[in-house]
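Participant: Sharing a model that was predicted from the sequence below.
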Amino acid sequence: MQLPRPIQTYFTARAPQDGNALAAVFGPTAVVHDEGQVHRGSQAIRAWWLAAKAKYRHHAEPINIAQTGDKTVVRAIVTGDFPGSPAVLSFTFGLEGDRISGLEIG
């Protein structure tokens, strides 16, 4: 499956060593919506990602990709330390150039 480079980085980054690489694929005004919370800006997104990785020790394996208007939707099997694991979740990405401008996980 061919994912756009910033989305590929999102799914292949490993915590904590790839925290800076993960932050770099998000634009400075990017917004992430996850678990009812909103995280704005690449550094806040980095902090959210590191905290989620530490809490859930999860890994997401993409299973398909679709384009919906200007959004890229990746469905992935997410396995980790949370009730209902493994679960199939949708990751809806907005892209601006070679950076992620938005992400909604659900």
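Facilitator: Ah, there it is.
Participant: who touches stretch 83-93?
Facilitator: Outside stretch 83-93, the residues that touch it by CB atoms under 8 Å, 6 or more residues apart in numbering are 4, 6-7, 10, 58, 60, 63, 68, 71-79, 100, 102-106. Quick note: C-beta positions are derived from backbone N, CA and C, even for glycine.
Participant: Please state the offset of that stretch from the chain centre?
Facilitator: In terms of CA atoms, centre = their mean, to the nearest Å, the centre of stretch 83-93 is set 11 Å apart from its chain centre.
Participant: List the buried residues of that stretch.
Facilitator: Neighbour-count burial for stretch 83-93, counted by 16 or more other CB atoms under 10 Å, picks out 91, 92, 93.
Participant: pLDDT value on the residue nearest to residue 68 when sequence neighbours are not counted, please?
Facilitator: The spatial neighbour of residue 68 that comes closest, neighbours along the chain excluded (CB to CB, 6 or more residues apart in numbering), is residue 92 at 7.7 Å. Looking at residue 92, its pLDDT is 98.
Participant: The helix or strand where residue 65 lies: partners in the sheet, and parallel or antiparallel?
Facilitator: Assigned by DSSP states H and E, residue 65 belongs to strand 59-68. Using DSSP bridges, the strands paired with strand 59-68 are strand 71-79 (antiparallel).
Participant: sorry, back to before: just the buried ones from the contacts of stretch 83-93?
Facilitator: The buried subset of the contacts of stretch 83-93 - by 16+ other CB under 10 Å - is 4, 6-7, 10, 58, 60, 72, 74, 76, 78, 100, 102-105.
Participant: which two in those residues are spaced the farthest apart?
Facilitator: 4 and 58 (21.7 Å; CB to CB).
Participant: Could I get the full set of helices for the protein?
Facilitator: 5-12, 19-24, 42-56 (DSSP state H).
Participant: packing partners for the second one?
Facilitator: The one in question is helix 19-24. Judged by 3 or more CB pairs under 8 Å, 6 or more residues apart in numbering; DSSP states H and E, helix 19-24 is in contact with helix 5-12, helix 42-56.
Participant: let's go with 6 Å and repeat that
Facilitator: With contacts taken as 3 or more CB pairs under 6 Å, 6 or more residues apart in numbering; DSSP states H and E, helix 19-24 sits against helix 42-56.
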